[in-house]
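**Student:** okay, sequence plus prediction incoming.
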Amino acid sequence: MTCNQHYSAIALSIIGLFTVFATPAAFAGATLDKVESSHELIVATNADYPPQAFLNENNQLDGFDIDVAKEIGKRLGAKVTLATPGWEVMTAGKWSGRWQIAVGSITPTKKRLEVLDFPSVYYYTPAVFAVHKNSTLQKVADLNGKKVGVVSASTYENYLRHQLVVDAANVPAFTYQVTPGEIRSYTDADDLSDLAIGAGTRLDAVLQAQPTILAAIAKGMPIRQLDTPVFYEPLAIATDKGDKEFDDKIASIVDAMKADGTMKQLSQKWYGSDFTSAQ
């Protein structure tokens, strides 16, 4: 190899290294560009989690999360297409472009931050236990050693397993008040259906979002809330890792929705309360 060839090889190696390290930056804003050019925002959400997201009498997805997703799409100038991939898939990251955001009442835990970005917390909900209306249990401490149902891979399951880390700002501290004898995991809110069969028949209690439990009670399900909330859960918009420009755009939209009262209005519409800040 001649001297000139040697220096040329070094130069090409440097260029190659620069290209490798510069590649991530080349994709910055790619998600936002795709949404703005296609005028479509694909949103992952839940299908059976009322009043956040559920199928209404017209067999259409409806609820708080659905309204929030549609408003974000509107402010992006994009039509919203809804996807319901399942909780474990939605929170696993590495979406490969199948959807751009998840509006599914996801808590931004440290573990999830390893695979997802959370541009903005958009509301907070109290986590409460529910029991059958005929249950003799009266306080949270009565659940020690009992059978408790919970949605799989949720913050509620992490709480029951004493593994919950909620590190968002301005969230009240909490303690683990229950050590169940058995934790039964469910794919969606089917835990409430099993609870409704009878006191202690399949479950002694369920840990869920208070709005979900209140909605079930309003529909006539024979359950009741047990005691007071055990923790307050911040819920965030989620995106796949690595596109700061898109994240910043989503965060600015959510901030604007809070500032102009839209988020509060949607919260009051679906929950009858303002859950846009920790209670």
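**Tutor:** Structure received.

**Student:** do you have the strands of the stretch 151-279 of the chain handy? List them.
**Tutor:** For the stretch 151-279 of the chain, the strands defined by DSSP state E, counting those that start in this stretch occupy 182-186, 205-209, 223-240.

**Student:** got those strands as a markdown table, with mean pLDDT columns?
**Tutor:** Below are these laid out as a markdown table (pLDDT from 0 to 100):
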| stretch | mean pLDDT |
| --- | --- |
| strand 182-186 | 97 |
| strand 205-209 | 96 |
| strand 223-240 | 95 |
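
**Student:** tell me the most buried of the ones you listed?
**Tutor:** Burial of the strands of the stretch 151-279 of the chain is given as mean neighbour count (mean count of other CB atoms under 10 Å); strand 205-209 ranks first at a mean of 28. Placement of C-beta: from N, CA and C, glycine included.

**Student:** what residues does it touch?
**Tutor:** For strand 205-209, the external contacting residues (CB atoms under 8 Å, 6 or more residues apart in numbering) are 52, 105, 125-131, 135, 137, 143, 146-151, 156, 159-160, 189, 191-192, 195, 213, 223, 226, 230, 233.

**Student:** which of these are buried?
**Tutor:** Buried by 16 or more other CB atoms under 10 Å: 52, 105, 125-131, 135, 137, 143, 146-151, 156, 159-160, 189, 191-192, 195, 213, 223, 226, 230, 233, out of the contacts of strand 205-209.

**Student:** narrow the residues you listed to those in helices?
**Tutor:** 156, 159-160, 191-192, 195, 213 (DSSP state H).

**Student:** residues near S96, how many?
**Tutor:** S96 has 6 neighbours, counted by other CB atoms under 10 Å.

**Student:** and what about it, helix, strand or coil?
**Tutor:** coil (DSSP: H, G, I helix; E, B strand; the rest coil).

**Student:** leaving out the residues flanking it, which one is nearest to Q225?
**Tutor:** Spatial nearest neighbour of Q225, excluding adjacent residues (CB to CB, 6 or more residues apart in numbering): V128 at 5.3 Å.

**Student:** tell me the contacts of E40?
**Tutor:** Counting by CB under 8 Å, 6+ apart, E40 has contacts 78-81.

**Student:** now, the most widely separated pair of these?
**Tutor:** A78 and T81 (9.1 Å; CB to CB).

**Student:** who's more crowded, these two?
**Tutor:** A78 (20 against 13).

**Student:** show me the beta-bridge partners of the nearest residue to that one once chain neighbours are set aside.
**Tutor:** Once flanking residues are discounted, A78 sits nearest to L41: 4.1 Å by CB to CB, 6+ apart. For L41, the beta-bridge assignment (DSSP bridges) gives partners V80.

**Student:** and the residue lying closest to L235 once chain neighbours are set aside, what is it in contact with?
**Tutor:** In this structure, L235 finds its nearest non-sequential neighbour in S105, 4.5 Å apart by CB to CB, 6+ apart. With contacts defined as CB under 8 Å, 6+ apart, S105 is in contact with 46, 49, 52-53, 65, 125, 209, 235.

**Student:** now do 6 Å
**Tutor:** Counting by CB atoms under 6 Å, 6 or more residues apart in numbering, S105 makes contact with 52, 65, 235.

**Student:** go through those and name the one nearest T262.
**Tutor:** Using CB to CB, these come closest to T262 at D65, 14.1 Å.

**Student:** measure that closest one to E182 for me?
**Tutor:** 30 Å (CB to CB, to the nearest Å).

**Student:** cool, A236 as well?
**Tutor:** In terms of CB to CB, A236 sits 30 Å off from E182.

**Student:** now do the same for S120: its pLDDT.
**Tutor:** We have a pLDDT of 94 for S120.
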